[in-house]
Every structure is written in C-alpha cells, then in structure tokens.
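Chemist: Predicted model and sequence below, questions to follow.
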2 protein chains.
Amino acid sequence: MRNFTHCVPTRFVFGRGAENEAGEQVRAFGGTKALIHYGGGSAVRSGLIGRVQRALDAAGVAHVALGGVQPNPRDTLIYEGIELVRREGVDFILAVGGGSAIDSAKAIAHGACYDGDFWDFFCGKAKPERTLPFCAVLTMAAAGSESSNSCVITQAATKTKRGLRSELNRCKFAIMNPELAMTLPPYQIASGATDILAHIMERYFTSDAEVDLTDRMAEVAMAAIIRAARVAVKEPNNYDAQAQLMWGSTVAHNDTFGVGRAQDWGSHQIEHELSALYDVAHGAGLAVVFPAWMRYHLRKNVMRFAQFAVRVYNCEMNFERPEETALRGIEAHEAFLREIGMPLTLAELGVKREDIPYLAAHTKKTNPDGTTGGVFPMMPADIEAILRIADR
Amino acid sequence: MRNFTHCVPTRFVFGRGAENEAGEQVRAFGGTKALIHYGGGSAVRSGLIGRVQRALDAAGVAHVALGGVQPNPRDTLIYEGIELVRREGVDFILAVGGGSAIDSAKAIAHGACYDGDFWDFFCGKAKPERTLPFCAVLTMAAAGSESSNSCVITQAATKTKRGLRSELNRCKFAIMNPELAMTLPPYQIASGATDILAHIMERYFTSDAEVDLTDRMAEVAMAAIIRAARVAVKEPNNYDAQAQLMWGSTVAHNDTFGVGRAQDWGSHQIEHELSALYDVAHGAGLAVVFPAWMRYHLRKNVMRFAQFAVRVYNCEMNFERPEETALRGIEAHEAFLREIGMPLTLAELGVKREDIPYLAAHTKKTNPDGTTGGVFPMMPADIEAILRIADR
C-alpha cells in the first residue's frame, strides 16, 4: 500500500426532494448571488430550474442563469460565463445537470478568479490558485464530478479535450435526487453506468499489491452498479436502481477505491480524443475503448484480470490457464455493455478508421517520458493498436 | 434507501513517516500554537512526541503538551486541558494516540470555546456551536474518531460515559502511519479490530431494504478487517495488515457504510456502561456485548443475520432453516473473537453478575420513547436479557 492523502470535503445531500434545499445550502456557504448554470431546455421544462430558483428565492439568494451547456462542455460558453459572473457580481455558481454542467461551472469559477485565459489551466500553462465556491444539483449519475477533483473541458476550435486535477475542483455541496435521473433516455443511463464503472476500473487495474480492503470494496461496487444499471435501463422509474447508480457515481469517483495504489487513466485519455473529435457520449466512448484496452494489456497482469473476472462477473477460475479466465471476464464485461445498449466498436460510435493515427498521436501524454497511463504506460503505437482492436 | 446528508471534510495523510508532516498541516489550517495532547509515556519513549515536536518547530508552530489521557478519557483531564489552552493562548489541538486522546482533544476544543461546563454537551444540556481546530496523529486503529463525528467522554465522579455527535467533532486532518501501531500489545490490536468491526455492524444490521451497494461494501470490508486482524495480532510488524486495519478504522466510521439506512448503536450504548463502571477496553467490551445482542435480536430479522453469516463468514445457507445459518454466523464471529484473544463473557471482562440490573438501567436512552437502539429498540429489560446471555 502506497502513502496517500485523501480528502473529500463536499457535503452530499441525497434523496427525494433534495433540490429544495439548494437555497439554504448556498446561503450556508456564504453565497448571496448565484449563477444557475445548466444545459438544455429539459431542466427548464421539467420544472427543475424553477424549483431551484424558488429555493434560492426563499433563502434570499439572488440569481442569474446561463443555459446551453453541451455534452463535452466547450470553452466558448465558459468565456461567456466568466464574463457574466464578473458583470453581475456573482459569488456562487450552481450547476444543474450532469458532469458537463458541473465541469463547465468549475471552469467558470476558476476563470472568474484569474486574470489570464482560463484555458491556461487545461493546457498546463498555469495552476488555479483561487476559485469561486460552486455546487451541483445532479440530474444524471455518470461523471462523478460532484465528488471528484477533476474537470474536463473541450477547446472547440481545436477539438482538444483536456482535464484538470486540482483540489479547487471540489464542490461545496452536491444535491443528489435520484428521481431527477428518471427522465433520462436509456442510452444516457447506460452511458452513465459505463462511465461509473470505468472510474472504478481505472483504479482497480493497478500494479500495487496489498490493497485487499480497497480491492474488495471496488469489486462489489462494480457488481452492484452492474446490477443496478441492468434494472435502470429497463425501468428508469425504479428509484432504488437510480439511487444505487447516483450514489455509486459519487463513491466511484471520490477515490475511496483509489487510495494507496497506482491508477491508470489511459482509457480515459484515449476516449477524450474520441469525444473531442466526434462529440460522442463519454460513457459510450469508454464502452468501446475500455474492453480493447483490457484485451491489449491483459497479458501484463493476467492474475489481476482473472481476479476481475472471478470477483466481479463470477467467472469460474481456470487454474491451469488463468488467461482464459481473464478473457472470460472481458467477454462478460462486453456482454454486459451490449446488454445495456452500449456500442463496442469504433464503427458503432461513428469513428472513422482513417482517424486512428490522429487519435493515437493526439492522446494526452500523462507521464514525464511522454507515455500515457499510470499502470500500463503506452506509446502512440500502443494506443493505435488498442484502437485497432476496437475497430472490429 | 433513505434520504441522507454525508460530509467528511477531514484530510487523511496516510503512510510511512506521515507524522513528519504534522507541522506543515497544522500551519496550513492556521494553527500558530498547538497543544500536544497524548496518553502515557510510551509515545514519549518511542520518540513519536519528539518527532511531532520537531515537525511543529520546523513549521514555526509553538507548542505546549498535556499527557495523561487514559483509556475511556475522563472529564477531569479535560477541565485541565481547557484551562491550559486558555492560559497559554493555544489555537490548535493535536491529539497523539487512539480514540481516547482524540476524543479528549475534541472535548477540550469544544470546552475552550464555551463559557459553561463542557459536560453540558455530553449530558444534553447544550450543543456546541464553536470549537478550536484539532487534528489527530493516530497510533492505533480502533475508534475511528479520526474520521467520525462522535466523541465519548467519561465523567469520573459518576462513572457515566456519554457520547456526543456533532459535525464540530471532525478533525481538520489525521496523520495515519500504520508503523506506529506495530508496538501495540496483541490484546490492544484485537480490541481495536473488534471496535472497527462493531462500527460496521452497528450500521449493517438495519431494517432498511434497497441498500445493496452499501451492504456489499460493508460485508467485504468486514471480511477484509477480519483477515487483517488475524495477521496483525500474530505479526504486529506486518505493515500491510496494520495498514488495512488503520485505513479500515477510518472507512468503518466515516459513514460510508451507514448512508441511507437506519443504524442501531445499541451495543455501543450497553458497552459504554461496562467500560464506564469497570474501565475495560471498549473493543473488549464490544466483543462480549455484540454477539449477545445478535443472539437476542436475530429472530427479528433472520434473513439479515443469515446474510451476514453467508457473506461475511462464508457460512453455507440453510434454505430450509435460515435461522440455523444466522446462528452459525454468530458462532463464527465468536470463534473469530476468541481466536484473536478477545473475551466473550462478562466474567472474563471482570463484570459482576450483580451489576447487571444497574448496567441495564443506566444505559443511555437514545430514542424519544425512552428506548435504546435505532433498529431494535430496547427497554432496560431487553438490555438485562442481553447481559444475561453474555453472563455465560
């Protein structure tokens, strides 16, 4: 077990009707004028934005609104948000939506406190040192941005998608009402579940030994999320299934499963290129990339992939040929993704074969030696090979 | 799944040599003069107090010290600590030790900001509204006080032990070096592991359904802690086993396993009477009380006790007679406690049969109707019956 520091200061307010507490929570954290930041019109039409506005009114918190956040949130709207926040004297940002709205809000909050271009934080030119307080009213279980220290933004002009890790990326509070996820289309629920699982898997496939407690919790959490996802895509109105997914998205990304071990995150980096270039749903992209990544790397740590197969998907252990078990686990994962309606190939995502070299070359290098991935470092040639596995 | 709020703002600094970061952490949280609060001379003789003092010196944090915290920490030392803090202008309290030192530090921190008698907070006469910042340098995996919102103090004159739940009970940071637990006697390691397990069990034996994700994580965490405890009592120098226990103590009591469900805590209330009257180790008292509590209540929720047996202790499910399985689980838990050297009877603890009525009558009533326990409410007669089961 490696040395680590762990801190998740966010207050999670979970359950039916939780959005009605938004006003008093903003007030409790010192907000007097909030920017309500959200995506499409569905949050308005469903009445959610109205309920949030009434909660703010009741708590005496003034507010302005900025909608229009797109999946894979763009820098363009963030510049607009920063300008609005400064002009209106906003001191608190309230995101309503999923990871895109929350990440967009985080970037606005950092940018509003910075004299330069906020993109400096995402291209590595500067580190944020101050931010406005912000929070989330979650409508979708997926990105885990409500509990994570990460934020991912796309630069529209260059189709470059980049992430920022910083403790300033922590929400003050997160309102989590599983009922709000009931109106999502099954494809989005499935994408969300795939993203949640990927956040655990990025931490699970480690090279570190002596992480029994964390391994075990990660394994049963994956199995629980798989069960809940199977229910939720068929019965979006099942509160329990939505609740398991929504709390699961938080637990998956608050680093409970990542402490004391190396983490990979290579699959996420590869997927970022897909969604930057083709604007696909992040979870759907991960459904295509992750199994290919597993197939490519499994021989480097057969026993860990076999452990995944046995403990998460109840595969029988083949003691003579553990690699067979490891493969059965990947197949089981692919079958699950297929069952909930996820794509498994680049073609299903709409990704063109001829873009593979560009995607491989453009993937962010996360290590000082120019490779990508914390556990299985990859050169562009490795990434290209993985994308060719997904090109089936 | 019930509505809930969850927030653990503490920063956990975990691993070898972590105590050397104590000074900069105190500084980061604004401390300029610290009270080092600890127990017996072992922390001085081991050199730990010296290392903490040097870390504070290096960070430019002044410090005074107050040792002498006893297991089941007393109000008497807390009054002394409050007086010292005020006289010396201390603005940060640094506990070095296990739950007793941390709880004593919490009470001093609250009391130093209160005009009245700090015991008001423990007898229900007042609620703390302010506190000094405090932290822990943990030397023992047990109470989970480094991550919990609770604090338990004993009024020496009346032998009354009472707990306080408050969000003000959160440490600013906790330094967790598993090496520091290697010098503990096996009996203390075993008591600690028993306490950790009890913190999960108090949350696990719930009446709420639809808590799959949390249930599963609690079950594998219990199993992992059982495995680690078996190793640690035999090989106290095993870093991995100590690390699993130390991180386990935090995870067990940071409410990861308690969200969205009713929790009981009746066994803890009963045990508090034992350790208040006889000054036994809290974990050892729980080893006696909890199995008796399980035997007394199992027929009220046979399937949950059977689930515990099957999933935590790998008992085979008896589908014709689930109660048999439930009983096998309790027996397996008792056998584990015996294996690590814990007592199972009142006599082994030194508790006298004639005190049973006093203990039952004196147990704190936690519910408005005068009963004790959130899931299986108990009258004094129930508590007496449980203690008679333990009087075997």
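Modeler: Perfect, thanks for sending it. Here the structure is a predicted model, which is why all the values come from computation and not from measurement.
Chemist: Next, the angle helix B:212-234 makes with the longest helix along chain A.
Modeler: With DSSP state H applied, the helix covering the greatest number of residues in chain A is identified as helix A:212-234. With axes from the mean of the first three to the mean of the last three Cα atoms, to 10 degrees as the basis, helix A:212-234 and helix B:212-234 are set at 170 degrees to each other.
Chemist: Helices of the stretch 1-150 of chain A, residue ranges please.
Modeler: A:22-28, A:42-45, A:48-58, A:75-88, A:99-112 (DSSP state H, counting those that start in this stretch).
Chemist: picking up where we left off before, please point out which parts of the longest helix of chain A sit buried.
Modeler: Applying a neighbour-count criterion of 16 or more other Cβ atoms under 10 Å in any protein chain shown, one finds A:212-226, A:228-233 buried in helix A:212-234. Every residue, glycine included, has its C-beta placed from N, CA and C.
Chemist: Provide the count of other residues in contact range of A:G41.
Modeler: Applying the criterion other Cβ atoms under 10 Å in any protein chain shown, we find 11 residues in the vicinity of A:G41.
Chemist: could you check the distance from the nearest residue to it once chain neighbours are set aside over to chain B?
Modeler: Counting by Cβ to Cβ, 6 or more residues apart in numbering or on different chains, the nearest residue to A:G41 once its immediate chain neighbours are dropped is A:G67, at 7.4 Å. When Cβ to the nearest Cβ, to the nearest Å is the yardstick, A:G67 and chain B sit 28 Å from each other.
Chemist: Same check on A:L56?
Modeler: When distances are taken as Cβ to the nearest Cβ, A:L56 and chain B turn out to be 19 Å apart.
Chemist: can you give me the strands for chain A?
Modeler: A:4-14, A:33-38, A:62-66, A:92-97, A:134-138, A:150-155, A:160-165, A:173-176 (DSSP state E).
Chemist: Is the longest one positioned near chain B?
Modeler: Yes - interface with chain B: strand A:4-14 contributes A:4-14 (Cβ under 8 Å from any Cβ of the partner chain).
Chemist: still on that earlier bit, measure the residue nearest to A:G41 to A:K161 for me?
Modeler: Going from A:G67 to A:K161 by Cβ to Cβ, to the nearest Å gives 21 Å.
Chemist: sorry, back to before: give me the buried subset of the residues of strand A:4-14 next to chain B.
Modeler: Looks like the residues of strand A:4-14 next to chain B have A:4-8, A:10-14 buried, using 16+ other Cβ under 10 Å.
Chemist: Can you name the two of these that sit furthest apart?
Modeler: The largest distance within these, taken as Cβ to Cβ, falls between A:F4 and A:V13 and amounts to 27.1 Å.
Chemist: Kindly state the pLDDT recorded for A:R299?
Modeler: Model confidence at A:R299, given as pLDDT, is 97.
Chemist: re earlier: quick one, which of the strands of chain A is nearest to B:C151?
Modeler: Comparison of the strands of chain A against B:C151 by Cβ to Cβ identifies strand A:4-14 as nearest, at 20.1 Å.
Chemist: Stretch A:13-28: which residues count as buried?
Modeler: By neighbour count with 16+ other Cβ under 10 Å, stretch A:13-28 contains the buried residues A:13-15, A:18-27.
Chemist: ugh, wrong one, I meant stretch A:185-200
Modeler: By neighbour count, and taking 16+ other Cβ under 10 Å as the criterion, the buried residues in stretch A:185-200 are A:187-200.
Chemist: just those now: which is nearest A:P380?
Modeler: Checking the buried residues of stretch A:185-200 one by one against A:P380 (Cβ to Cβ), the nearest turns out to be A:A198, at 21.4 Å.
Chemist: With adjacent residues omitted, what lies nearest to the closest one?
Modeler: Nearest residue to A:A198, sequence neighbours excluded (Cβ to Cβ, 6+ apart): A:L286, at 4.5 Å.
Chemist: Tell me how far that neighbour lies from chain B.
Modeler: When Cβ to the nearest Cβ is the yardstick, A:L286 and chain B sit 20 Å from each other.
Chemist: again with A:F290
Modeler: Distance, A:F290 to chain B, by Cβ to the nearest Cβ: 21 Å.
Chemist: how many neighbours does that residue have?
Modeler: When neighbours are counted by other Cβ under 10 Å, A:F290 comes out with 27.
Chemist: From what I see, it and A:Q269 are in contact.
Modeler: No - look at A:F290 against A:Q269 with Cβ atoms under 8 Å: they stay out of range, at 12.0 Å.
Chemist: list the contacts for the residue nearest to A:G41?
Modeler: Residues near A:G67 by Cβ atoms under 8 Å, 6 or more residues apart in numbering or on different chains: A:37-41, A:43-44.
Chemist: Identify the residues contacting A:C315.
Modeler: A:309, A:325, A:328-329, A:332.
Chemist: try A:C171
Modeler: The neighbourhood of A:C171, defined by Cβ under 8 Å, 6+ apart, consists of A:10, A:102, A:134-136, A:145-147.
Chemist: Repeat that for A:V69.
Modeler: Taking Cβ under 8 Å, 6+ apart as the definition of contact, the neighbours of A:V69 are A:37-39, A:77, A:97, A:100-101, A:104.
Chemist: Of the buried residues of helix A:212-234, which are in range of chain B?
Modeler: With Cβ under 8 Å from any Cβ as the criterion, the members of the buried residues of helix A:212-234 in contact with chain B are A:212-214, A:216-217, A:219-221, A:223-225, A:228.
Chemist: could the residues you listed go into CSV alongside pLDDT?
Modeler: CSV is the format used below for those (pLDDT from 0 to 100):
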residue, pLDDT
A:D212, 93
A:L213, 96
A:T214, 96
A:R216, 97
A:M217, 98
A:E219, 98
A:V220, 98
A:A221, 98
A:A223, 98
A:A224, 98
A:I225, 98
A:A228, 98
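Chemist: Just name the closest of the residues you listed to A:Y278, please.
Modeler: Proximity of those to A:Y278 was ranked by Cβ to Cβ; the top entry is A:I225 with 25.8 Å.
Chemist: From A:R130, how far out is the nearest residue to that closest one once chain neighbours are set aside?
Modeler: Residue nearest to A:I225 in three dimensions, not counting chain neighbours: A:G248, with 4.7 Å by Cβ to Cβ, 6+ apart. In this structure, A:G248 and A:R130 are separated by 32 Å, where distance is defined by Cβ to Cβ.
Chemist: A:L344 now?
Modeler: In this structure, A:L344 and A:R130 are 43 Å apart, going by Cβ to Cβ.
Chemist: Between the two, point out the one with more neighbours.
Modeler: A:L344 (19 against 10).
Chemist: was I right about that one contacting A:V289?
Modeler: No - taking Cβ under 8 Å as the contact criterion, A:L344 and A:V289 are not neighbours in contact, 10.2 Å apart.
Chemist: so what's in contact with the two at the same time?
Modeler: In contact with both A:L344 and A:V289: A:A390, using Cβ under 8 Å, 6+ apart.
Chemist: list the contacts for A:A156?
Modeler: A:74-76.
Chemist: Let's see if you can find the most crowded of these.
Modeler: Top of the contacts of A:A156 by neighbour number is A:D75, holding 22 neighbours under the definition other Cβ under 10 Å.
Chemist: I'd guessed it sits against A:T154; true?
Modeler: Yes - A contact is recorded between A:D75 and A:T154 when judged using Cβ under 8 Å, the distance being 7.0 Å.
Chemist: ok, A:Y79 - how many residues close by?
Modeler: Using other Cβ under 10 Å, A:Y79 has 16 other residues around it.
Chemist: before we move on, what about the one 10 residues further on?
Modeler: A:G89 sits with 10 neighbouring residues when counted by other Cβ under 10 Å.
Chemist: so who does the residue nearest to it when sequence neighbours are not counted touch?
Modeler: On the basis of Cβ to Cβ, 6+ apart, the spatially nearest residue to A:G89 that is not a chain neighbour turns out to be A:K33, at 6.0 Å. A:K33 makes contact with A:61-64, A:88-92, according to Cβ under 8 Å, 6+ apart.
Chemist: Nearest to A:H297 among those residues?
Modeler: Closest approach to A:H297 among the contacts of A:K33 (Cβ to Cβ): A:F92, at 43.1 Å.
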